[in-house]
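Q: mind looking at a prediction? Sequence and model below.
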Amino acid sequence: MIRADLSSNLPRSPELQAILPSPDLRGDCPSWPPDVAEDYRQRGYWQRQTLGEWLAHQSQCFGTSTALVDRDRRWSYADLDRRVDRLATGFQSLGLMAGDRVVVQLPNSLEFFAVFFALTRLGALPILALPAHRQIEIQSFIEHAEAIAYVLPDRTWNFDYRQLARTIQTQCPSLQHVIVVGEAQEFCPLDRLDGDPKPFPDLDPEAVAFFQLSGGSTGVPKLIPRTHADYLYSVRVSAEICRLTPDSTYLVALPASHNFPLSSPGSLGTLAVGGKVVLARHPNPDEAFALIEQERVTITALVPPLVLAWLEAVETRDRDLSSLQVLQVGGAKLTPEVAGRITPTLGCQLQQVFGMGEGLVCYTRLDDDEETIHTTQGRPLSSADEIRVVDDDDRPVASGEVGHLLTRGPYTIRGYYRAPEQNRRDFTIDGFYRTGDRVCLTPSGNLIVEGRAKELINRAGEKVSAEEVESHLLAYPDIYNVAVVAMPDRFLGEGICAFLVRNSLPDRDIQTFDPVEIQALKQFLRDRGLADYKIPDRFEGLIALPHTGAGKVDKKFLRQQLLS
Ligand code: AMP
Ligand code: DBH
């Protein structure tokens, strides 16, 4: 694996090189081999523009057009660019520098975009956490990346993030700045970060710009290093495939930091063409339908469980959804039956999107035939995306057979950040990423996702590591052994089922957990700081876990039990 020489991750200007970035980033991000990188440059995939320069350019082109709508607040492209400059100056005055890692955990809001662009303009590296993350996740990102700052909201109706920040602060010595959007209490308010912009560092577009997060098949967080150039390439082509124009209005219904609504084509794809981005705090039909009606939304993206909720809600809500032209669905497999209900019920076109934070994004095209759109997950966005479908020994399967999907290309990473061991497992010697997905390739070149080889549960599009949940359950006082598996769920796609072996035999049916016990188990996991979406939906008791001939826990057998 070729490692990025960090000199290529450094800004060009000599006087800034001295302070940028902290030396411990050196060699932590495997990169593309030089000849491959040169080829991507020659073909124009990678352009010499950073995210910050790109935003400034968009502001010059579309200055007074509305860029972002957040409830009753509207920012034009020029407003956004100005705020980003001033905020970047504010971050600088705190001492933040290029190369510094910063965990950003913000809801769908203007501030998310201001912070994201301000940090990348400075060359500081945002780690894009989700609002659902809690202590376990945030702490592990900070520790893994030695992040020095954490940007968070004050509170939502049922959760005080400042309390979380207090706990994190006591646990993470690297953390120097806690920056709060809203009522900051003892922390630094984001509003105070402001100043007349001075020149910012001259950054290399091929340097890492920020980190996406991977579902991760183990408890260890995997940080996905995305460069300015590779990300902007995927955004530009995505906007083209989805035929976005300055008249497009994109509704961010999913969490704004997730790769799908950020880049496929998402908010950035919309900003790439001068369109308008509307932010929903919540993807529920009440809020989303109202925004579609008010702002004349033309395109949005959902995960399959939300599609079901929207389809069911249409009947009972009196909202005008006629502006909606395209509904993108991805993150988890959409069944052909549900796919077939979308156009008749919502009156818009369906586009299936199969993507991953690591890179590769596939789309059904808007002019594909109905069969392709309903039954496949589309084809790669770029002709430079290389796809291999292989057996367990990495040999290509016969055409049309199901196999493991491997991929590499101009916007697919060559390795995670600071994860040499995982990189050896998850990438081939020649740089293909092992997606963990089992797919088949149709004669027309579209992919059908058939399942997953990695032990991840895809719960409503959120990827949950069975191993991580197991490790927390094992810490519960009365639990002797545990196996966590995916269970079919009509609404979630996959739910989480925990099979538990107790230390002591209960004086009643061994298989059942009563509601009090279940509450106690769930609360235990929450108290340990686990995100809510990782908490099992079902608990089953066993006398012992079943084993395969090879002595491994027989999860296939357990999954079958849930079907009978
Ligand atoms: P993440 O780790 O959150 O980036 O999730 C990426 C994974 O989500 C992929 O590797 C797939 O397993 C799954 N995924 C994304 N889109 C789809 C889709 N349209 N159909 C089936 N699985 C999907
Ligand atoms: O699930 C995903 O991660 C995903 C789905 C659709 C993604 O990252 C994307 C499109 O870009």
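A: That came in fine, so what should we check first? All values derive from a computational prediction rather than experimental measurement. Numbering: from 1, shown residues only. Ligands and ions are numbered 1, 2, ... in the order given.
Q: only C-alpha atoms for contact and neighbour calcs from this point on.
A: Noted.
Q: and the helix or strand harbouring Leu500, how far out from the chain's middle?
A: Leu500 belongs to strand 493-502 when assigned by DSSP states H and E. Relative to its parent chain, strand 493-502 has a centroid offset of 24 Å by CA atoms, centre = their mean, to the nearest Å.
Q: what comes up buried for the helix or strand just after it?
A: Counting by DSSP H and E, the element after strand 493-502 in chain order, helix or strand, is helix 515-527. For helix 515-527, the neighbour count (16 or more other CA atoms under 10 Å) marks 518, 521-522, 524-526 as buried.
Q: okay, now the sheet partners of the helix or strand just after helix 515-527, with direction.
A: Counting by DSSP H and E, the next helix or strand C-terminal to helix 515-527 is strand 538-542. Taking DSSP bridges as the criterion, strand 538-542 pairs within the sheet with strand 493-502 (parallel).
Q: and the contacts of the partner strand?
A: Strand 493-502 is touched from outside by 304-305, 332-333, 457-460, 470, 478-489, 534-545, with contacts defined as CA atoms under 8 Å, 6 or more residues apart in numbering.
Q: before we move on, what about stretch 297-309?
A: Contacts for stretch 297-309 (CA under 8 Å, 6+ apart): 248-254, 260-261, 266, 278, 283-285, 291-292, 323-334, 338, 460-461, 491-493.
Q: buried ones in that stretch?
A: Residues of stretch 297-309 classed as buried: 297-308 (neighbour count, 16+ other CA under 10 Å).
Q: now render the residues you listed as a markdown table, adding pLDDT.
A: A markdown table is the format used below for these (pLDDT from 0 to 100):
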| residue | pLDDT |
| --- | --- |
| Val297 | 98 |
| Thr298 | 98 |
| Ile299 | 99 |
| Thr300 | 98 |
| Ala301 | 98 |
| Leu302 | 97 |
| Val303 | 95 |
| Pro304 | 93 |
| Pro305 | 90 |
| Leu306 | 95 |
| Val307 | 96 |
| Leu308 | 93 |
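Q: do you know how far the closest residue to ligand 2 within the stretch 451-564 of the chain is from Glu401?
A: Distances between the stretch 451-564 of the chain and ligand 2 by CA to the nearest ligand atom are smallest at Gly461, namely 6.1 Å. Relative to Glu401, Gly461 is positioned 25 Å away (CA to CA, to the nearest Å).
Q: related to what we said a few turns ago, just the buried subset of the contacts of stretch 297-309, please.
A: Burial by neighbour count, judged by 16+ other CA under 10 Å, picks out 248-254, 260-261, 266, 278, 283, 285, 291-292, 323-334, 460-461, 492-493 from these.
Q: which ones among the residues you listed are found in helices?
A: If you go by DSSP state H, the buried ones among the contacts of stretch 297-309 have 260-261, 266, 285, 291-292 in helices.
Q: interface residues of the protein facing ligand 2?
A: The chain comes close to ligand 2 at residues 259-260, 264, 330-331, 353-357, 361, as judged by CA under 6 Å from any ligand atom.
Q: one more pass at 5 Å, please.
A: Within the chain, the residues that sit near ligand 2 (CA under 5 Å from any ligand atom) are 259-260, 330-331, 354-357.
Q: mind putting those in CSV, pLDDT included?
A: CSV is the format used below for these (pLDDT from 0 to 100):
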residue, pLDDT
Asn259, 98
Phe260, 98
Gly330, 97
Gly331, 95
Phe354, 98
Gly355, 98
Met356, 97
Gly357, 97
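Q: how about the stretch 51-200 of the chain: which residue is closest to ligand 1?
A: Closest point on the stretch 51-200 of the chain to ligand 1, by CA to the nearest ligand atom, is Leu130, at 11.0 Å.
Q: and Tyr476, what does it touch?
A: So Tyr476 contacts 521, 524 (CA under 8 Å, 6+ apart).
Q: isn't there a strand covering it?
A: No: using DSSP: H, G, I helix; E, B strand; the rest coil, the secondary structure at Tyr476 is coil, not a strand.
Q: which residues touch stretch 437-456?
A: 215-217, 333, 364, 372, 375-379, 389, 399-405, 436, 463-467.
Q: and Tyr80, what does it touch?
A: Quick fix: residue 80 reads Leu, not Tyr. So Leu80 contacts 67, 114 (CA under 8 Å, 6+ apart).
Q: let's see the pLDDT reported for it.
A: Per-residue pLDDT puts Leu80 at 98.
Q: dihedrals phi and psi, it?
A: phi -60, psi -50 (degrees, to the nearest 10).
Q: quick one, strands of the stretch 101-250 of the chain?
A: Using DSSP state E, counting those that start in this stretch, the strands found in the stretch 101-250 of the chain span residues 101-104, 125-128, 149-153, 155-156, 159-160, 177-181, 188-189, 208-214, 222-227, 249-252.
Q: now those as JSON lines including mean pLDDT?
A: Putting these into JSON lines (pLDDT from 0 to 100) gives the following:
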{"stretch": "strand 101-104", "mean pLDDT": "98"}
{"stretch": "strand 125-128", "mean pLDDT": "98"}
{"stretch": "strand 149-153", "mean pLDDT": "98"}
{"stretch": "strand 155-156", "mean pLDDT": "94"}
{"stretch": "strand 159-160", "mean pLDDT": "97"}
{"stretch": "strand 177-181", "mean pLDDT": "98"}
{"stretch": "strand 188-189", "mean pLDDT": "98"}
{"stretch": "strand 208-214", "mean pLDDT": "96"}
{"stretch": "strand 222-227", "mean pLDDT": "97"}
{"stretch": "strand 249-252", "mean pLDDT": "98"}
